[in-house]
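1. sequence? don't have it. structure:
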């Protein structure tokens, strides 16, 4: 039985702390906190089962504050719940330089799983957590995600709704705080709660409309959600931005121009009125404990179940080797899971699906949700997710990837069909910006394997490299470069694949262009011109020492060749590596204009990255 009065009093405490913290910071979003206070009180002191002393415990219910600008009320909720490291004094340090309570939540805090604040992303992550709980962990923990009504304009929210409805994630509760007002004007639907309800229902959800300031209705709605066994629940809560209880915030509640502003002189007045309507300012209800029996996952090394196995003259596309390696990793660890965006027969994630259908998630053509689900699956070390689609399509999910870095996400992304070498499909399918995208992510590791052996080893490294890892795979079948199936590879290390003591230039490539560089090497060698060839393998972090040493040993002339636009690719990475070296010249051979459909070989020639064009560039530099 819920203690309704105590929950009302706790909600008022949360409002007061949110006002005080933002006033102390002289910035923040108190009105967005005030609308959510009643729901937060019920969630943290009646509905959710969790351990305050172990916020990321495997058996705890999960909570994501997708409307991350309301961070002060999240911090206040953990303070009131009794978190030992969130004191009242900490609340008063909100947004201060160097303090742990930042303007929007990040996993620097042990009670935050993912960073939020770039709106519209929380529900996808929550769906990934819920999928993991229901289908991988087979546990009874539940997942709650609170969103703002403004962010519900984001398409990613409805991608997540579609996913959760399709997979009948009855352990997921999405809450929309319909406080009517956006940042600069009212939200599109304002208080049309029926419209939100119908949208949830259209995606196969159990939808409930409540008065978001009525504790009894909120408690009943969560009970209804818990009783629903075949679909997720969406709670549509009609609230008022800046709500202060019993008219305490008159002139601010439900008024424009208060978004993102501390309440200033009005704050003390409102706090006084809220206190006057609160029965017990020390009200507290012990959060219910979790009952699950999951063990915590500790870091483990995950290896291929067997070494690569290819014939010396065999040609294999690296996208095919991706599927082979993924299956081998899955054979050695149940933590390996895979997901794809309806491209699995092209990315070859289908190889894994056939072997482990219960560990494969089809996310369909919804790349923002695809990445968000992966982030959720990887939270609390429950799984090691591998995500695949065409590399070009990851550009749709750039913000999810960017926020994934802030979230300290542990996800592995493989982008196939890289560059103009895919041929006749044309420029809409050609990834020519992907290396730039992933190189710009501060915590990312970027692999670009050039044959099936290096692809399998890149996959093994990716499984054991914490954080965001991007692996670029190619469509054309490529010749075997590494004949030794036990060839060693490492993060941040490249390979010299052709060299002499009299090299006149250095060629650096990867994927298709490494094969072209080796052909160019052979042509030039037949004419008495020796060049050194380096497989970059790891574009980030790049092997700076190898590049400098190889350049010095090859006449200080460096050529990079890449199936990528000039901006942000291998040439840029090499330029950065050489930026403090004198006397070295660098020429970047890359795609410099919009390509068109055509055969692979013709396109490579047309855009100046074929073996013949490399030979011509080398000769011109030596003339």
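-> Yep, that arrived. It should be emphasised that the depicted structure is a prediction, and the values quoted were computed from it without experimental measurement.

2. partner strands of the longest strand belonging to the chain and their direction?
-> Assignment by DSSP state E gives strand 557-565 as the longest strand of the chain. Sheet pairing for strand 557-565, assigned by DSSP bridges, gives strand 506-509 (parallel), strand 585-591 (parallel).

3. now, of those strands, which is deepest in the fold?
-> With neighbours defined as mean count of other C-beta atoms under 10 Å, the strands paired with strand 557-565 peak in mean count at strand 506-509, which reaches a mean of 29. (C-beta placed from N, C-alpha, C; glycine too.)

4. mean confidence score for that one?
-> Here strand 506-509 scores 98 as its mean pLDDT.

5. repeat that for stretch 384-392.
-> pLDDT averaged over stretch 384-392 gives 98.

6. turn the strands paired with strand 557-565 into JSON lines, including distance to residue 468.
-> Shown next, in JSON lines, are the strands paired with strand 557-565 (distance: least, C-beta to C-beta, whole Å):
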{"stretch": "strand 506-509", "distance to residue 468": "24"}
{"stretch": "strand 585-591", "distance to residue 468": "24"}
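
7. spatially central residue for this structure, please.
-> Closest to where the C-alpha atoms of the chain average out (C-alpha atoms, centre = their mean) is residue 404, at 3.3 Å.

8. what residues are up against that one?
-> By C-beta atoms under 8 Å, 6 or more residues apart in numbering, the contact list for residue 404 reads 371, 375, 411, 468.

9. kindly report the same for residue 45.
-> By C-beta under 8 Å, 6+ apart, the neighbours of residue 45 are 6-7, 10, 80-81, 284-287.

10. again with residue 537
-> Contacts of residue 537 (C-beta under 8 Å, 6+ apart): 447-450, 454, 458, 489, 493-495, 510, 543.

11. now, those residues that are in helices?
-> Counted as lying in helices by DSSP state H, out of these, are 454, 458.

12. tell me the one of the contacts of residue 537 nearest residue 212?
-> Using C-beta to C-beta, residue 447 is the member of those that lies nearest residue 212, at 47.0 Å.

13. element containing residue 354, please.
-> helix 350-355 (DSSP states H and E).

14. picking that back up, show me the contacts of residue 45 that map onto helices.
-> 6-7, 10, 80-81.

15. let me see the ranges of the strands in the stretch 301-450 of the chain.
-> Secondary structure of the stretch 301-450 of the chain (DSSP state E, counting those that start in this stretch): strands located at 315-316, 336-340, 360-362, 384-390, 412-416, 445-447.

16. partner strands of the longest one, parallel or antiparallel?
-> The strands that strand 384-390 pairs with in its sheet are strand 336-340 (parallel), strand 412-416 (parallel) (by DSSP bridges).

17. can you list these in TSV and add mean neighbour count, mean pLDDT and distance to residue 198?
-> Converted to TSV, these look like this (neighbours: other C-beta atoms under 10 Å; pLDDT from 0 to 100; distance: least, C-beta to C-beta, whole Å):
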stretch	mean neighbour count	mean pLDDT	distance to residue 198
strand 336-340	27	98	29
strand 412-416	28	98	35
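
18. will you turn these into CSV that also has distance to residue 47?
-> Shown next, in CSV, are those (distance: least, C-beta to C-beta, whole Å):
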stretch, distance to residue 47
strand 336-340, 28
strand 412-416, 34
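
19. so which of these is nearest residue 160?
-> The closest of the strands paired with strand 384-390 to residue 160 is strand 336-340. By C-beta to C-beta, the value is 13.6 Å.

20. which outside residues touch the closest one?
-> Contact with strand 336-340 is made by 136, 302, 326, 329-330, 347, 349, 352-353, 356, 359-363, 370, 373-374, 377, 383-389, 463, as judged by C-beta under 8 Å, 6+ apart.

21. buried only: go through those for me.
-> Using 16 or more other C-beta atoms under 10 Å as the burial test, the contacts of strand 336-340 include 136, 302, 326, 329-330, 347, 349, 352-353, 356, 359-363, 370, 373-374, 377, 383-389, 463 as buried.

22. residue 553: which of the strands paired with strand 557-565 is closest?
-> That would be, of the strands paired with strand 557-565 and by C-beta to C-beta, strand 506-509, which comes in at 7.9 Å.

23. just how off-centre is the following helix or strand past the closest one within its chain?
-> Downstream of strand 506-509, the next assigned helix or strand under DSSP H and E is helix 512-526. How far helix 512-526 lies from its chain's middle: 38 Å, per C-alpha atoms, centre = their mean, to the nearest Å.

24. so residue 594: helix, strand or coil?
-> Going by DSSP: H, G, I helix; E, B strand; the rest coil, the secondary structure assigned to residue 594 is coil.

25. how many neighbours does the residue nearest to it when sequence neighbours are not counted have?
-> Excluding its sequence neighbours, the residue lying closest to residue 594 (C-beta to C-beta, 6 or more residues apart in numbering) is residue 427, at 6.0 Å. Residue 427 has 14 neighbours, counted by other C-beta atoms under 10 Å.

26. cool, and residue 341?
-> 25.

27. pretty sure residue 456 contacts residue 318?
-> No: if you go by C-beta atoms under 8 Å, residue 456 and residue 318 don't touch, sitting 9.4 Å apart.

28. ok, these two, which is more surrounded?
-> Remark: of residue 456 and residue 318, residue 318 carries more neighbours, 31 against 27, as counted by other C-beta under 10 Å.

29. show me the contacts for the residue lying closest to residue 364 once chain neighbours are set aside.
-> Excluding the flanking residues, the one nearest residue 364 by C-beta to C-beta, 6+ apart is residue 342, at 5.2 Å. Listed by C-beta under 8 Å, 6+ apart, the contact partners of residue 342 are 362-365.

30. how about 10 Å then?
-> Applying C-beta atoms under 10 Å, 6 or more residues apart in numbering to residue 342 gives the contacts 362-366, 370, 389.

31. from residue 293, how far off is it?
-> In this view, residue 342 and residue 293 are 36 Å apart by C-beta to C-beta, to the nearest Å.

32. over to residue 254?
-> Taking C-beta to C-beta, one finds residue 254 at 46 Å from residue 293.

33. who's more crowded, these two?
-> Neighbour comparison, residue 254 and residue 293: the larger count goes to residue 254, with 20 against 9 (by other C-beta under 10 Å).

34. quick check: that one touching residue 238?
-> No: with contact defined as C-beta atoms under 10 Å, residue 254 does not reach residue 238; the gap is 11.1 Å.

35. any common contacting residues for those two?
-> Listed as contacting both residue 254 and residue 238 by C-beta under 10 Å, 6+ apart are 35, 179-180, 191.

36. now, these that are in helices?
-> Short answer: the shared contacts of residue 254 and residue 238 in helices (DSSP H) are residue 35.

37. as TSV, the shared contacts of residue 254 and residue 238 with neighbour count and distance to residue 531 would be great.
-> Shown next, in TSV, are the shared contacts of residue 254 and residue 238 (neighbours: other C-beta atoms under 10 Å; distance: C-beta to C-beta, whole Å):
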residue	neighbour count	distance to residue 531
35	30	66
179	28	65
180	20	67
191	17	70
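
38. so which of the shared contacts of residue 254 and residue 238 is the closest to residue 47?
-> residue 35 (18.1 Å).

39. can you check the pLDDT for that closest one?
-> Reported pLDDT at residue 35 in the predicted model: 98.

40. so it sits right up against residue 179, yeah?
-> Yes: under the criterion of C-beta under 10 Å, residue 35 makes contact with residue 179 at 3.8 Å.
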